[in-house]
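In: task: produce atomic coordinates for the following.
(chains A, B, C and D)
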Number of protein chains: 2
Amino acid sequence: MISEVRRPARLSDVAELAGVSEATASRVLNGSVGRQVKESNRRRVLAAAEKLGYTTNVAAQAIARGQNRGVTLLTRGVPDDYANPIVSGVVAAAERRGQIITMISAGSKADDLLRAVQTARANRPQVLIIAGGRREGDRTIPALVEALQLYELEGGRVVLISQSGLPFDTVAYENHDGAADMATTLVDLGYQRFAVLAGFPDGLTQQARRDGFLDGLASRGITVPPDLVITSEFSRDAAYAMTGELIRRGVSLDVIFAVNDAMALGALAFLRDAGPRAAGVAVAGFDDIRALRDISPSLTTVHLPWNEVAEQAIDLALDEERTGPRTRLVAGHVVVRESTPPRTESAVNGRPAEPVGASDRTSNL
Amino acid sequence: MISEVRRPARLSDVAELAGVSEATASRVLNGSVGRQVKESNRRRVLAAAEKLGYTTNVAAQAIARGQNRGVTLLTRGVPDDYANPIVSGVVAAAERRGQIITMISAGSKADDLLRAVQTARANRPQVLIIAGGRREGDRTIPALVEALQLYELEGGRVVLISQSGLPFDTVAYENHDGAADMATTLVDLGYQRFAVLAGFPDGLTQQARRDGFLDGLASRGITVPPDLVITSEFSRDAAYAMTGELIRRGVSLDVIFAVNDAMALGALAFLRDAGPRAAGVAVAGFDDIRALRDISPSLTTVHLPWNEVAEQAIDLALDEERTGPRTRLVAGHVVVRESTPPRTESAVNGRPAEPVGASDRTSNL
DNA sequence: CTGTTAGCGCGTTCAA
DNA sequence: TTGAACGCGCTAACAG
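Out: Model prediction:
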């Protein structure tokens, strides 16, 4: 079935068939600026290319030009069960501008990111967008920064999406303040006894959200016992397990704040499965990911405008006249839904008040 | 802030600094087979590369070798709110084998796929995996097949994930039979009056599932009125709207079968929002995507082993000794959960029986 | 084990 | 408006 392997059509094949020089063929097929090719030749070249099934060899192009066009998006970790709003946002935003983006998914181990950056750099893309937070004390950060700086020195452009602090264009969002707002909002709703599912202790994003939440509570004179600020992997399943432990320990609790929605979902799932003995515990999250909009009870969370985050990133990436590292800070806001019903004085220690209803569901994003 | 643009370090720079020839440097840095380089030289080259921040220029490599290593995954449409199990599966499977895969997301318009294939082909990857179904009567299919055949002629490898029928390696799953099983399962549970949210009429996957379901019902002597086989976009929101129309029309209904889980979710959401007037309508889906495992009621659906689908695809992709197009058929199976409680005779026309409980939730994938 | 040589396919001068 | 010639960074074949 497999016939002889044939060589892909080259530019010279096209040129020959069209009866023009390679240079001319190049001008019509991949010409950068104003076409200075006679119309008749132009057509002959196009026809020849079509006939031969010619496709530009971007590798050769890249090598001749010294750089690849295009933007590469680097993600951390294998895509999980819930769509990564950053990834989908960036892809969509790029598509809106006629850009096709290439994605590379780095593993989640410490030096995987560094390796992925090398892989990406090997492709010499114009822009490298890196999505995802980093960890405190990550030994590979210096090497990473060095590699990226080298890359910029070589004419590449780096855009980071997550928290700021590195000397590159960055789109950051308000992790600390969003979480603080969530804290005061919950206090205003009548909650008094808190637990925090804090994710990994060294994740900068999680840290900021955890600290923001605790700071917000502190501003209302509330402190959370250290043993109720719980460390774990930041996944739905880990949160499910951690919530289980909390309940089994018999901790007296009004509400659990999880540093992201996936974890909040895990908490919610455990509470539901646990039935009566866990009744009356509310849950709040962070991110407002779309996949969770049909969860019942609907999730109180900090909404982040992912589309705007993505737009800003592409903006930074495609902006030609850059003079130095810029940071764009994107704000979030608390959205109160059913998972944290208002808690009246009388309801303390008892069941939660009635759900507030799904009225705000459409405001979700 | 931006200093002079510097040229990336080349192999020759490394060679010079190490005091060896380019060939030797090449052998230690990118050498394919058994290293035949003296240890001392080897170390010097490595040190020089490190010092210069050298990264292989894959473009140059590709051009010198005539082909790029690596596999490219082509997806249809911008990633949506629910993680695409094919994409995450393939990425994870590739990672397990130490392969980094490059993703390109094609737009959802008719000729976007063709354009994306050209883009991918321009990169001359070894393997091209294309995920996603095609449409009946798609005018671009012949051109697509031609482009892909050319690509294979040129030494590339194509793997399709979805339904079979095209002359390339394919991983397909049992859309028709899975849906038929679902139909008979629902009949056995006591359901009698059906509606089908069928997605686009020209989507081959949706077609197969719709027809499979109707065939399954027919085998039990049940037919569905044509106006209850509903055509729409295959999204959660479209399904939400279509379900609304169904209910407003006052159709008498036991159960809605949606050709995928996202649509089933939309149906479920409408029924929940509609309250009492829609009580007693059950819902079943197809795909068993993980993101929905915490939905309540849990969703009866046709489970597809996505990890196996992905593994098979990577298998086909990486298998050297191929002689001709092969098809791997992956089976699914019905998983009954809470969204379709058993319906006793007496319950017909009334409320559904009690949910069966969450006992099978852990069996989800 | 190592260096020399000759391309790979394309963009881009520079003349014509 | 066109073509000839050169070079991009790297690998492969061959000779040493």
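In: shouldn't A:Arg174 be in contact with A:His333?
Out: Heads up, residue A:174 is Glu, not Arg. No: if you go by CB atoms under 8 Å, A:Glu174 and A:His333 don't touch, sitting 9.3 Å apart. Any C-beta I mention is one placed from the backbone N, CA and C, and that applies to glycine too.
In: and these two? Which one has more around it.
Out: A:Glu174 (19 against 15; other CB atoms under 10 Å in any protein chain shown).
In: please report how far that one lies from A:Ala258.
Out: 17 Å (CB to CB, to the nearest Å).
In: now A:Thr119
Out: In this view, A:Thr119 and A:Ala258 are 33 Å apart by CB to CB.
In: now the helices for the stretch 151-300 of chain A?
Out: A:175-188, A:204-218, A:236-248, A:261-274 (DSSP state H, counting those that start in this stretch).
In: assign A:Ala47 to helix, strand or coil.
Out: Following DSSP: H, G, I helix; E, B strand; the rest coil, we place A:Ala47 in the helix state.
In: isn't it right up against A:Val20?
Out: No: here A:Ala47 does not reach A:Val20: they are 11.6 Å apart, not a contact under CB under 8 Å.
In: out of those two, which sits in the busier spot?
Out: Between A:Ala47 and A:Val20, A:Val20 has the larger neighbour count (other CB under 10 Å), namely 21 against 13.
In: quick one: what helix or strand has A:Ala94 in it?
Out: Assigned by DSSP states H and E, A:Ala94 falls within helix A:85-96.
In: counting contacts, what elements does the following helix or strand past that helix pack onto?
Out: The helix or strand immediately downstream of helix A:85-96 is strand A:101-106, counting by DSSP H and E. On a contact count with 3 or more CB pairs under 8 Å, 6 or more residues apart in numbering or on different chains; DSSP states H and E, strand A:101-106 meets strand A:71-76, helix A:85-96, helix A:112-122, strand B:101-106.
In: looking at those, which is nearest to B:Pro342?
Out: helix A:85-96 (38.2 Å; CB to CB).
In: buried sites along the closest one?
Out: Neighbour counts over helix A:85-96 (16 or more other CB atoms under 10 Å in any protein chain shown) mark A:Pro85, A:Ile86, A:Val87, A:Ser88, A:Gly89, A:Val90, A:Val91, A:Ala92, A:Ala93, A:Ala94, A:Glu95 as buried.
In: restrict those residues to contacts with chain B.
Out: With CB under 8 Å from any CB of the partner chain as the criterion, those include A:Val87, A:Ser88, A:Val91, A:Ala92, A:Glu95 near chain B.
In: quick check: the closest residue to A:Ala49 other than its chain neighbours vs DNA strand D, distance?
Out: In space, and not counting its chain neighbours, A:Ala49 is closest to A:Val14: 4.9 Å by CB to CB, 6 or more residues apart in numbering or on different chains. Going from A:Val14 to DNA strand D by CB to the nearest atom of the strand, to the nearest Å gives 12 Å.
In: do the same with A:Ile230
Out: Applying CB to the nearest atom of the strand to A:Ile230 and DNA strand D gives a distance of 48 Å.
In: that residue: neighbour count?
Out: 21.
In: from chain B, how far out is it?
Out: In this view, A:Ile230 and chain B are 20 Å apart by CB to the nearest CB, to the nearest Å.
In: from memory that residue sits against A:Leu246, does it?
Out: Yes: assessed by CB under 8 Å, A:Ile230 is found in contact with A:Leu246 at 7.2 Å.
In: quick one on the thing from earlier: make sure the residue nearest to A:Ala49 is indeed in a helix.
Out: Yes: under three-state DSSP, A:Val14 falls within a helix.
In: find me the pLDDT at it, would you?
Out: Model confidence at A:Val14, expressed as pLDDT, equals 92.
In: quick one: contacts for it?
Out: Going by CB atoms under 8 Å, 6 or more residues apart in numbering or on different chains, A:Val14 touches A:Ala25, A:Leu29, A:Val45, A:Ala48, A:Ala49, A:Leu52, A:Tyr54.
In: and the last one, which of the three is it?
Out: Put plainly, it is A:Tyr54. coil.
In: excluding its backbone neighbours, what's nearest it?
Out: A:Tyr54 sits nearest to A:Ala9 (CB to CB, 6+ apart), 4.4 Å away.
In: what do you get for the second one?
Out: The spatial neighbour of A:Leu29 that comes closest, neighbours along the chain excluded (CB to CB, 6+ apart), is A:Ala49 at 6.1 Å.
In: determine the number of other residues adjacent to the one you found.
Out: Around A:Ala49 sit 22 other residues, with neighbours defined as other CB under 10 Å.
In: please apply the same query to A:Gly244.
Out: Around A:Gly244 there are 17 other residues, counting by other CB under 10 Å.
In: let me know the pLDDT of it.
Out: 96.
In: residues of the stretch 251-365 of chain A that sit close to chain B?
Out: Checking the stretch 251-365 of chain A against chain B by CB under 8 Å from any CB, the hits are A:265, A:268-269, A:272-273, A:289-291, A:293-296, A:322-325, A:358, A:361.
In: PyMOL command for the buried members of those?
Out: One line in PyMOL is enough to select the buried ones among these; burial here means 16+ other CB under 10 Å:
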select buried, chain A and resi 265+268+269+289+290+291+293+294+295+296+325+358
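In: kindly state the pLDDT recorded for the residue in the stretch 151-300 of chain A positioned nearest to DNA strand C?
Out: Closest residue of the stretch 151-300 of chain A to DNA strand C, CB to the nearest atom of the strand: A:Gly155 (13.5 Å). You'll see A:Gly155 listed with a pLDDT of 83.
In: distance of it relative to DNA strand D?
Out: Counting by CB to the nearest atom of the strand, the gap from A:Gly155 to DNA strand D is 11 Å.
In: swap in A:Ala92?
Out: 34 Å.
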